[in-house]
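> 3D model of this:
(one chain, ligands or ions: 3)
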Amino acid sequence: MWRRFAYLSPVISGKQLQSSDPAVLKLITTFTSDAGSGDAPLTKKPFITFVLGGPGSGKGTQCEKIASAFGFAHLSAGELLREEISSHAQNGELIQNVIKEGQIVPSEITIGLIRKAINSAASDKILIDGFPRCEENRIAFEKFVRVEPDLVIFFECPEEEMVKRILSRNQGRIDDNLETIKKRLKVFENLNMPVVEHYSSKGKVHKINATGTADEIFDRVRQLFVSIRSKLCEDH
Ligand SMILES: Nc1ncnc2c1ncn2[C@@H]1O[C@H](COP(=O)(O)OP(=O)(O)OP(=O)(O)O)[C@@H](O)[C@H]1O
Ligand SMILES: O=c1ccn([C@@H]2O[C@H](COP(=O)(O)O)[C@@H](O)[C@H]2O)c(=O)[nH]1
Ligand SMILES: [Mg+2]
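Numbering: from 1, shown residues only. Ligands and ions are numbered 1, 2, ... in the order given. Alright, predicted model coming up:
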């Protein structure tokens, strides 16, 4: 039984939890129970775009622009998690600790929130900003939400520029400090990048140069969406 679900083990502080850990057993139960939020099919067939890139590479900024220019719903995984903290949800404290450490929230939690947001989104063209964060997230999403992304955008930005942008963001985020940024950059290299590599090998990744002004970057992004517009109109 455990071997079948080994990829669901949460990554917290870089450690894989053991199969006997109560948190892991709860995770398996949620994903395999009809009542759980993890294993119900989506109520619609959306056009899914994963938007990936390092911390501060401009994912959120560009998603806002794509959403308003091309009618996408913008679902930020980080924002969904932060809303759980501010609404004092059951997992709020756990999420806050993980984000403060720059690590990755267990898939069970994030996927449940994303699924709910997809089902209640105003558009069936969806941008999922900042997810999947690791191969375990990706595999769990594909297996339990039962969809693969139609498109993956990867914003390429030098580390120095990402750090500069985050340190001048000024939105009071608990992870916008140098100590957490260093941890997030390590997680980005070690855990986020394998997801980009996986989708690259499937020919789904469009890399965008994320240097320059936000408008210059959006000019590059716009070209991509204009080139796939006929596909978007046909299907959605
Ligand atoms: N091209 C740009 N040039 C300068 N600043 C930018 C640019 N794009 C975004 N910013 C600013 O940099 C900060 C980080 O951008 P944004 O929040 O969009 O990045 P992100 O990839 O979503 O980051 P995170 O992963 O931390 O959520 C914000 O304050 C934003 O206004
Ligand atoms: O799928 C996800 C998305 C985010 N997190 C955690 O949240 C912070 C902030 O995310 P942003 O996308 O940069 O807003 C991220 O560093 C992770 O700690 C997550 O665990 N899983
Ligand atoms: Mg963001």
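
> Strands along the chain, start to end?
11-12, 15-16, 47-53, 73-76, 125-129, 151-156, 205-209 (DSSP state E).

> Format those strands as TSV; extra columns: distance to Lys59.
From N, CA and C alone the C-beta is placed, and that goes for glycine too. Rendered in TSV, the data for the strands of the chain read as follows (distance: least, Cβ to Cβ, whole Å):
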stretch	distance to Lys59
strand 11-12	20
strand 15-16	27
strand 47-53	5
strand 73-76	8
strand 125-129	5
strand 151-156	6
strand 205-209	10
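
> Let me have those strands in TSV, extended by mean neighbour count, distance to Lys164 and mean pLDDT.
Compiled in TSV, the strands of the chain are given as follows (neighbours: other Cβ atoms under 10 Å; distance: least, Cβ to Cβ, whole Å; pLDDT from 0 to 100):
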stretch	mean neighbour count	distance to Lys164	mean pLDDT
strand 11-12	19	28	46
strand 15-16	12	31	44
strand 47-53	24	15	98
strand 73-76	21	21	98
strand 125-129	24	20	98
strand 151-156	21	15	98
strand 205-209	17	17	98
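
> Can you check which of those gets nearest to ligand 1?
strand 47-53 (5.5 Å; Cβ to the nearest ligand atom).

> Partner strands of the closest one, with direction?
Paired with strand 47-53 in the same sheet, following DSSP bridges, are strand 125-129 (parallel), strand 151-156 (parallel).

> Identify the residues contacting the first one?
So the one you mean is strand 125-129. The contact list for strand 125-129 (Cβ atoms under 8 Å, 6 or more residues apart in numbering) reads 46-51, 59-60, 63, 66-67, 70-79, 114, 118, 149, 232, 236.
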